[in-house]
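Q: I'll drop the sequence and a predicted model, then ask my questions.
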Amino acid sequence: MPNNVQCYWWLLQICAALYIIPCSYNVHQNIFQISYWNRFALLQACLLFFGCMWVDWITVGSVLDTTSPVVLGLVCIDVCAYSMLVFCLAFNSLHHRKRFIHLLNGLFVQQECTLDWMMANNANNRNKQGSYLHILVGLALLYTFFSIVTFPVTQYRKLNAVILVRVSVLFLTMDLYRACTGIIRMRMQQLQTMMSRGYSSNNTEQDRERKLSTFFDRFQHYYQQIALLNQCFSVPLLNIFMLLLVELTFTSYEYYQMTDNVTYDPEAGLFVFLMRQMMQLVFAAIVVTFGIAGHSTKVQVW
């Protein structure tokens, strides 16, 4: 099993189970490919989408008569944005399934024996990154605790469980994107170090030409992987930015309610506000991580 696959094994398996990626790793053939398990994962994602829509519909219907038009409009926008998340990611994976296969095989499966051998003693060019699944587990436990303490009604707990599932899917998408950019950045660093060593006085002209040929070949390969990465993750990125704008709108309105002594309930409203701020921090962290991962890889390439 390649080192990159082994390092991100659980992340890749969970993403395949939720159909964030349309393929899974075949241990016997050592490639990513589409199997019957992935078709079942697509069906599972569709069932999850309709199940979340059903919970959203029941929740909106329960507050239809007791909510102001402004809040009801914000709730409908929020529900629609969240409801389309699972469907959007599943459709994106299905549409770009061939690109995902080329991307994952080119980054995680393909062995770079020459680069790894040349950089074996360089600790700065090793990929020390791993998945952030432990952070996701901690956030899920914290959000579940806040949900149980704040909302005694079962229906709202179901809605919070659905929101937790969707945020977890976003988190996994971010983690996969970060893993892909991390591998590309590591390979570009290895190529840079290889070229700096290739023109030392101890190397012959034949060795320099061989390293130069390897450099151009591998640089073109990973530059193509960047194009595939942009195509595969452009729609999820737009969806995340849209959700962030919706959440910021909700936060602004809740802050307005906190300053209104007539409509604000200090006992219940404070816990809800704090819980939503925790989710806001998660969204902000996801967006910042996307930006840092993409920018650092871009700087290394150029």
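A: Nice, I can see it.

Q: CA only for contacts and neighbour counts going forward, please
A: Fine.

Q: could I get the pLDDT score of the nearest residue to V162 once chain neighbours are set aside?
A: Among residues not flanking V162 along the chain, C52 sits closest, at 6.1 Å (C-alpha to C-alpha, 6 or more residues apart in numbering). You'll see C52 listed with a pLDDT of 81.

Q: and if you look at L228?
A: Per-residue pLDDT puts L228 at 90.

Q: same thing with F216?
A: The predicted local confidence for F216 is 79.

Q: check which helix or strand covers it.
A: Taking DSSP states H and E as the definition, F216 sits inside helix 205-258.

Q: helices or strands next to that helix in the packing?
A: Packed against helix 205-258 by the contact rule (3 or more C-alpha pairs under 8 Å, 6 or more residues apart in numbering; DSSP states H and E) you find helix 69-95, helix 97-104, helix 154-198, helix 266-301.

Q: mean confidence for stretch 9-28?
A: 91.

Q: likewise for stretch 253-265?
A: So the average pLDDT for stretch 253-265 ends up being 60.

Q: do the same with stretch 170-182
A: 88.

Q: cool, and stretch 288-302?
A: 65.

Q: stretch 145-159 too?
A: 71.

Q: and that stretch, end to end?
A: End-to-end distance of stretch 145-159 (C-alpha to C-alpha, to the nearest Å): 14 Å.

Q: cool, stretch 193-213 as well?
A: End-to-end distance for stretch 193-213, by C-alpha to C-alpha: 15 Å.

Q: again, but for stretch 94-111
A: End to end - C-alpha to C-alpha - stretch 94-111 spans 27 Å.

Q: return the per-residue confidence for L270.
A: 60.

Q: an error on my part: the question was meant for N202.
A: 60.

Q: hang on, isn't the residue nearest to V162 packed against A81?
A: No: using C-alpha atoms under 8 Å, C52 makes no contact with A81, being 11.9 Å away.

Q: so between the two, which is more surrounded?
A: Using other C-alpha atoms under 10 Å, the more surrounded residue of C52 and A81 is C52, with 23 against 15.

Q: roughly how far apart are the more buried one and N26?
A: Distance from C52 to N26, by C-alpha to C-alpha: 31 Å.

Q: residues in contact with Y36?
A: Taking C-alpha atoms under 8 Å, 6 or more residues apart in numbering as the contact definition, Y36 lies against nothing.

Q: wait, R157 sits on I148?
A: Yes: R157 is within contact range of I148, at 7.0 Å (criterion: C-alpha under 8 Å).

Q: got any residues that touch both of those two?
A: By C-alpha under 8 Å, 6+ apart, no residue touches both R157 and I148.

Q: circling back to that earlier point, the residue nearest to V162: which element?
A: helix 36-62.

Q: count of neighbours near the nearest residue to P236 once chain neighbours are set aside?
A: Take P236 and drop its neighbours on the chain: the residue closest to it by C-alpha to C-alpha, 6+ apart is L89, 6.4 Å away. As a burial measure, L89 scores 23 neighbours (other C-alpha under 10 Å).
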